[in-house]
Structures are given as C-alpha cells and as structure tokens.
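Enquirer: Here's my sequence, what's the structure:
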Amino acid sequence: MTAIQAPKARNLPWSSRAWLNTAHAVVGLPLALPPFLLILLRVVLALALSWTFFLSRAVLRHLSKGLHAYTARQGARFEAFLGERVPMPSFPADRFAWRRGETWRTLIHHLFVAPIIGVVGAAVVTAAWAGGATMATSLLWSPQSRRTLLELTPTGLLLLALAPMIAQAVVQADLFVARRMLGPTRSDVLTHKVENLTVSRAEVVAAADAERRRIERDLHDGAQQRLVSLAMNLGMARAQFTDVPEPVQVALREAHEEAKQAVKELRDLVRGLHPAILGEQGLDAALSGLAARVPLPVRLSVDVAERAAPAIEAVAFFVVSETLTNIVKHAEAARATIEVVRSGGTLLLKITDDGRGGARLGAGSGLRGLAQRVNSVDGTLAIDSPLGGPTTITVELPCG
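Expert: Residues are numbered from 1 along each chain as shown. Prediction:
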C-alpha cells in the first residue's frame, strides 16, 4: 500500500520531492542543449544539400531517428526524477516520418521549447536556492554592515521557503508542455491505426490471393490430372469393349460422360480460384480468354503498359468475370464492352452492356460481393444503370 504524503510536506526545502524537482530542472539544461545543437546542424545541412535530393533525404531520415532518441532521454529524465511517464513516439522513424504531425511537434520541442525551458528553469531554480542560501547565511560570512545583513537574512529565508514552490512550478510547466508536444495525439494514434489496418488488410488480401494460387496449382496438378486420366481410360474402355452386354456399355458410357463433366466443372472451379494465365501472361490474355467463353459478343480493350500487383490483377479479373456472369444471367444484353486502362497509379475498369438496366448495388449479392472485393484493396466501384439501359460499371483500383 502506497503511503500518502501531505501536500505541504512535499514543498519543504528538506523534502526529497523538492530536491528531485530541483535536480529535474537543473538537469534539463545540459540535456536540452546537445539535441538543440545537433538538430540545428542537421537542419542547416539538409537545407544546404537540398539540391541533392537523396543526400538531403538521408539527413532528414537520420534527423527523425535522432528525434526519437532525444525524446527517449527526456522521457527517462521525467521518469527518473518525477516518476511521471510522458507519451513517447510510437511511430517508426521511416520515410513517412515527416508526414506526421508528431515529428514536427517533437522537432519544435527540441529545437525551441526544451532549450528555453531548460535555460529559464535552471536559471530561476538555481537563483532561488543559491540566492536564498547566500542571503540567509550572510551574517555568518560577512559581519560588516550589520543592518543591511539583518535585512538580507529574512529575505534569504523567504526565498529558501519559496524555492521548492518555484522548482515545482518549473517542473509542472515542463511536464505540461512535454505531455502535449512529445508523443502522439489522439489524431496521430488514429492515423497510425488506419495505416496499420491498411497494411494488415493488404497483407491479408495478398495472402488470400497467394492461397488461391496454391490451391489452383494443387488442383490442376493433382485432382484434375487424375480425372483427365480417368476420363481417358473410360473412353478407351468404351472403344475397346464393344462386344460386352448392353448394361455394361451403358454403365461405361455414363461413367465416361460423368468423368468428362467432372473434369469440366473442376476446370471451371480452378479457373474461378485463380486462372493460371493471369499470373503468367497478365490481364490482357486472361480477359481475352474470359471474353471468348461468354455467349455474347464482347469488345475488349486493354491498355496496361505496366502490370499491377498480383492481388490487384486478381481483383480486376474477378470483377470482370462476375460482371459478365451477371450480364449473361440478368441483363438480357446483346453485347458488352470492356475497357481496361492503367493511368499512373490507378487501374480503371469500365464494363458496359446494352441490357435492360435497373442494376443497383444493394439489389443482389453478386454486386455486393463485387463492392466488397473492390473495397478490400481500397478501390471504388460505381454503377450507372437507368431502366432500359445501358448499364456501366466503373471500377478504380490503386496500383501505384
């Protein structure tokens, strides 16, 4: 159980709290000056090297790492002398450091606030203790001008009595500023969480895409090959055993047809998981094969000079695949148009059909599934489908 100390006793000159506050204020000056000089040097160096982008960037990255180290030392001072924990930088000193408000607040603190508080705090606290002690003991070391010394002694004693309160005020001011300038604010924490969630979601999407590719390879190299071999053997048996009784021929014929149907369904399943041609030859070849299998004319235009990430290509392929399936099943369309263009860091898909229209994002699970798949990579999906058509689905996927 922690003992509770009376508030008045904390400010007495002989209390441990008063001496710890004094030490904290005095140590603040030598702890603040080296970071101030080093930061100033790096800022000047970065400005001088601004014409060489890479050197200036390297200096700024080194500076951001230094800010974390300087802040950790300040935090150790607060914890050692005051038993207080100040928020420390929680973000890595990476290439995005200078985009965060936390970095700029920390820079301002070490470049301006900490040196000012260190100089003023150390000077005021030292003057209070040293001046009070000098005046209070003036009768001991200077017996001359006794009247003046008698006036100085009460002033010195008063100053000694006020010194702990002065040290406490300096400490509270230092602590107040440090808590607001060092470490992340609520907005910074939320931004950091959003960044982490974005990275985590991208990793999950990439892992899911990699798992689909693995399953596709396993099915293609394993179960599909066995089914193809079985279908071939049954076909050879049908051709060879023509003189067997009719029931046996019927059984062989049905088994052969079932095996061929199973091969077809498994191929469709494998293609739906992740078409091998997408990973090998890219969107143009994969979408061309997809359009060729649709039972209506499809005009395809693909202008992608540079391939996107595999997860983005997979999303684009499945968006087109699901949209074409919906067009065939529900749109009553005579033709469809697919345009795929990469512009900078965006992959733009535009799918149009001349069907009956009336498609809505919340009207069917297929469209909801499309929206969820697009949102999983921070893309956008828009549907323009007036009654009577035409229907246009526009999808933008980030691929920078």
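Enquirer: which stretches of the stretch 51-200 of the chain have low pLDDT?
Expert: Scanning the stretch 51-200 of the chain with the threshold set as pLDDT under 70 gives 88-98, 136-153, 183-189, 191-192, 195-196, 198-200.
Enquirer: Tell me who's in contact with residue 324.
Expert: Applying Cβ atoms under 8 Å, 6 or more residues apart in numbering to residue 324 gives the contacts 290, 291, 294, 298, 336, 351. (C-beta placed from N, C-alpha, C; glycine too.)
Enquirer: ditto for residue 194
Expert: By Cβ under 8 Å, 6+ apart, the contact list for residue 194 is empty.
Enquirer: rewinding a little: so can I have TSV of the contacts of residue 324 showing neighbour count?
Expert: Putting the contacts of residue 324 into TSV (neighbours: other Cβ atoms under 10 Å) gives the following:
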residue	neighbour count
290	22
291	17
294	15
298	21
336	25
351	23
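Enquirer: Let me have these in TSV, adding secondary structure, pLDDT and distance to residue 171 as columns.
Expert: Below are the contacts of residue 324 laid out as TSV (DSSP: H, G, I helix; E, B strand; the rest coil; pLDDT from 0 to 100; distance: Cβ to Cβ, whole Å):
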residue	secondary structure	pLDDT	distance to residue 171
290	helix	80	70
291	helix	84	73
294	coil	83	75
298	strand	87	74
336	strand	89	73
351	strand	90	66
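Enquirer: In terms of distance to residue 58, which of these ranks first?
Expert: Relative to residue 58, the closest of those is residue 351; by Cβ to Cβ it sits at 45.9 Å.
Enquirer: ok, the closest one touching residue 392?
Expert: Yes: counting by Cβ atoms under 8 Å, residue 351 touches residue 392, with 7.2 Å between them.
Enquirer: I'd like the distance from stretch 111-125 to the chain centre, please.
Expert: Its chain's average C-alpha position is 37 Å from that of stretch 111-125, according to Cα atoms, centre = their mean, to the nearest Å.
Enquirer: Then stretch 70-89?
Expert: For stretch 70-89, the gap between its own C-alpha mean and the chain's C-alpha mean amounts to 27 Å (Cα atoms, centre = their mean).
Enquirer: Give me the buried positions along that stretch.
Expert: The neighbour-count check on stretch 70-89 (16 or more other Cβ atoms under 10 Å) flags 70, 71, 74, 75, 77, 78, 81, 82, 86, 87, 89 as buried.
Enquirer: Same check on stretch 117-137?
Expert: For stretch 117-137, using 16+ other Cβ under 10 Å, the buried residues are 117-118, 121-122, 124-126, 128-129, 131-133, 135-136.
Enquirer: Let me have those residues in a markdown table, extended by secondary structure.
Expert: Formatted as a markdown table, these follow (DSSP: H, G, I helix; E, B strand; the rest coil):
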| residue | secondary structure |
| --- | --- |
| 117 | helix |
| 118 | helix |
| 121 | helix |
| 122 | helix |
| 124 | helix |
| 125 | helix |
| 126 | helix |
| 128 | helix |
| 129 | helix |
| 131 | helix |
| 132 | helix |
| 133 | helix |
| 135 | helix |
| 136 | helix |
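Enquirer: I'd like to know which of these is nearest to residue 356.
Expert: Within these, the smallest distance to residue 356 is 72.5 Å, found for residue 117 (Cβ to Cβ).
Enquirer: residues in contact with the closest one?
Expert: 28, 32, 170, 173, 174, 177.
Enquirer: In contact with the last one, which residues are there?
Expert: The one in question is residue 177. Shown in contact with residue 177 (Cβ under 8 Å, 6+ apart): 109, 113, 117.
Enquirer: What distance do you get for the residue nearest to the second one when sequence neighbours are not counted to residue 86?
Expert: Which is residue 113. In space, and not counting its chain neighbours, residue 113 is closest to residue 177: 5.7 Å by Cβ to Cβ, 6 or more residues apart in numbering. The gap separating residue 177 from residue 86 is 10 Å, by Cβ to Cβ, to the nearest Å.
Enquirer: thinking again about what came up before, same list as before, the buried residues of stretch 117-137 that is, but in CSV and with distance to residue 225 included.
Expert: Conversion of those to CSV gives the following (distance: Cβ to Cβ, whole Å):
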residue, distance to residue 225
117, 75
118, 75
121, 79
122, 80
124, 85
125, 83
126, 85
128, 88
129, 88
131, 94
132, 93
133, 94
135, 99
136, 98
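Enquirer: Out of those, which comes closest to residue 312?
Expert: Closest to residue 312, out of all of the buried residues of stretch 117-137 and judged by Cβ to Cβ, is residue 117, at 50.2 Å.
Enquirer: so where do the strands sit in this protein?
Expert: Listed in chain order, the strands found in the chain under DSSP state E are 298-303, 336-343, 346-353, 380-384, 391-398.
Enquirer: so residue 113 touches residue 181, yeah?
Expert: Yes: if you go by Cβ under 8 Å, residue 113 and residue 181 touch, sitting 6.4 Å apart.
Enquirer: Which one's more surrounded, these two?
Expert: Each of residue 113 and residue 181 has its neighbours counted (other Cβ atoms under 10 Å); residue 181 has more, 21 against 18.
Enquirer: OK, contacts around that one?
Expert: Residues near residue 181 by Cβ under 8 Å, 6+ apart: 105, 106, 108, 109, 113.
Enquirer: measure it to residue 46 for me?
Expert: 21 Å.
Enquirer: And for residue 57?
Expert: According to Cβ to Cβ, residue 57 and residue 46 sit 8 Å apart.
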